[in-house]
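Q: attaching a predicted model along with its sequence, questions to come.
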Amino acid sequence: MIITKNLTKSFGNLQVLKGVGLHVAPHEIVSIMGPSGAGKTTLLQLLGTLDRPDAGSVEVAGTDVLRLKGDALSDFRNRHIGFVFQFHQLLPEFTACENVMMPALIAGETFRAAEKRAMELLDYLNLANRAKHKPAELSGGEKQRVAVARALVNRPEVLLADEPSGSLDSVNRTELHKLFFDLRDRFGQTILIVTHDDELAAMSDRIVRMRDGRVCD
């Protein structure tokens with residue numbers, strides 16, 4: 001589902017990735033671990049097509065994403081890759097349901113179809129009764145589950161999560177960890193998680209460790 005070869009990336013004189021190769025199988029849950037500055041988030045951004053490498057190749061869901069540009073790249077990202085960030089990144093002026101609907105509307109779904117799909121996901125995540133609430137009215141755990149619903153609304157093959165439980169308390173962190181595995185079992189996602197959380201990493205199918213811009217284990 002994800003294949004990278006010899007990825008390099010520099011910011012100015014600082015080389016952050018130094019020839020990273022990674023294979024992730026369909027439906028696999030992989031945790032990426034390593035110290036700060038190891039290049040974990042940069043790698044995730046390249047896999048999510050949010051940035052481009054200086055050299056190397058990136059294939060996601062059978063597509064050479066580095067050949068895509070402009071609208072074609074944006075459309076691929078919206079349809080095939082879901083993102084869950086540490087601080088949820090919900091739009092404060094919209095309700096939970098509207099936040100979840102947004103990627104579907106961008107993809108060209110009708111309002112009614114997008115709303116139906118959003119409500120199905122919110123119901124699955126036990127948030128149906130919070131659908132009309134704005135982010136300021138939701139708890140931290142609820143906000144992150146809304147963010148997960150938003151990531152899933154277009155049925156992407158790949159889910160990328162960057163420290164998804166980093167801002168949560170222990171109870172919500174445990175619930176979110178379990179949710180990722182429930183999602184894989186129900187929806188068949190391939191999930192790649194950057195984390196410092198040993199509990200989450202231990203639950204994964206595999207742990208990839210990075211150090212100094214390279215995969216070391």
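A: Alright, I've got the coordinates.
Q: quick one, what contacts the closest residue to residue 5 other than its chain neighbours?
A: Nearest non-adjacent residue to residue 5, counting by C-beta to C-beta, 6 or more residues apart in numbering: residue 57, 4.8 Å away. Quick note: C-beta positions are derived from backbone N, CA and C, even for glycine. By C-beta atoms under 8 Å, 6 or more residues apart in numbering, the residues touching residue 57 are 3, 4, 5, 6, 7, 64, 66.
Q: how does it look with 7 Å?
A: Contacts of residue 57 were listed using C-beta atoms under 7 Å, 6 or more residues apart in numbering, and they are 4, 5, 64, 66.
Q: measure the most centrally placed residue in the chain to residue 169 for me?
A: Closest to where the C-alpha atoms of the chain average out (C-alpha atoms, centre = their mean) is residue 160, at 2.3 Å. Here the criterion is C-beta to C-beta, to the nearest Å. By it, residue 160 lies 23 Å from residue 169.
Q: and what of residue 161?
A: Relative to residue 169, residue 161 is positioned 18 Å away (criterion: C-beta to C-beta).
Q: who's more crowded, those two?
A: The neighbour count for residue 161 versus residue 169, taken as other C-beta atoms under 10 Å, is higher for residue 161 (27 against 11).
Q: buried residues, stretch 177-194. List them.
A: Neighbour counts using 16 or more other C-beta atoms under 10 Å place 177, 179, 180, 183, 184, 187, 189, 190, 191, 192, 193, 194 of stretch 177-194 among the buried residues.
Q: remind me, longest helix of this structure?
A: What stands out as the longest helix in the chain, according to DSSP state H, is helix 170-187.
Q: now for the following helix or strand past it, which elements pack on it?
A: Of the helices and strands lying after helix 170-187 in sequence (DSSP states H and E), the nearest is strand 190-194. Identification of packing neighbours for strand 190-194 by 3 or more C-beta pairs under 7 Å, 6 or more residues apart in numbering; DSSP states H and E yields strand 29-33, helix 40-47, strand 158-162.
Q: quick one: buried residues of the helix or strand just after strand 190-194?
A: On the C-terminal side of strand 190-194, the nearest following helix or strand under DSSP H and E is helix 198-203. Applying a neighbour-count criterion of 16+ other C-beta under 10 Å, the buried positions in helix 198-203 are 200, 201.
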